[in-house]
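Provide a 3D model corresponding to the input given below.
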Amino acid sequence: MDFIDSLINVFSHFIRRHLMEIMLAYSATVLSVYGGDINNAVKKMIRKHNFFVRFGTFVALCTFGYGFLSLVIGKILVAYMTHLSNSWLISIIAALFILIGLIAEERNRI
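Numbers count the residues shown, from 1 in each chain. Predicted coordinates:
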């Protein structure tokens, strides 16, 4: 049992050092799964405008919108994850990535 506890401690220490990067990867994955829906909704709203408005909106959405959302979601998740115990941290991170993988599979993104 001591071996498992030490393994959990080593692994969770590694995760805690890279928690922001892990949460940015998770939020980017979520946005890649739902990004098509977001783009389609924005496309419907701006389709009657001229090319330059559509182009500018798309560039702003991709650069500022998705980038800002990734950072905000990542920081919120990091704020919650830092208070978790080692075993819960590992379990929840694994569950989040499994969940988004299942959602991506269901939405035929894989």
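
for L31, which non-adjacent residue is spatially closest?
Counting by Cβ to Cβ, 6 or more residues apart in numbering, Y66 is the residue found nearest to L31 once chain neighbours are left out, at 5.5 Å. Yep, even glycine has a C-beta here, placed from its N, CA and C like the rest.

and R109, how many residues sit next to it?
15 (other Cβ atoms under 10 Å).

make that I15, sorry
I15 - counted by other Cβ under 10 Å - has 15 other residues nearby.

name the nearest residue to the most centrally placed residue in the chain, ignoring sequence neighbours.
Centroid check for the chain by Cα atoms, centre = their mean gives S27 as the closest residue, at 1.1 Å. Sequence neighbours aside, I73 is the residue nearest to S27 in space, at 3.8 Å (criterion: Cβ to Cβ, 6+ apart).

helices of the chain, residue ranges please.
Taking DSSP state H as the criterion, the chain carries its helices at 2-17, 19-46, 51-60, 66-81, 86-106.

for those helices, give me TSV that also has mean pLDDT.
Below are these laid out as TSV (pLDDT from 0 to 100):
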stretch	mean pLDDT
helix 2-17	91
helix 19-46	91
helix 51-60	92
helix 66-81	91
helix 86-106	94
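
wait, G74 touches L31, no?
No. The pair G74 / L31 is not scored as a contact, 10.7 Å apart, by Cβ atoms under 8 Å.

more crowded one of those two?
G74 (20 against 16).

roughly how far apart are the more buried one and Y80?
Look at G74 and Y80: by Cβ to Cβ, to the nearest Å, they are 11 Å apart.

please apply the same query to H13.
H13 sits 18 Å away from Y80, going by Cβ to Cβ.
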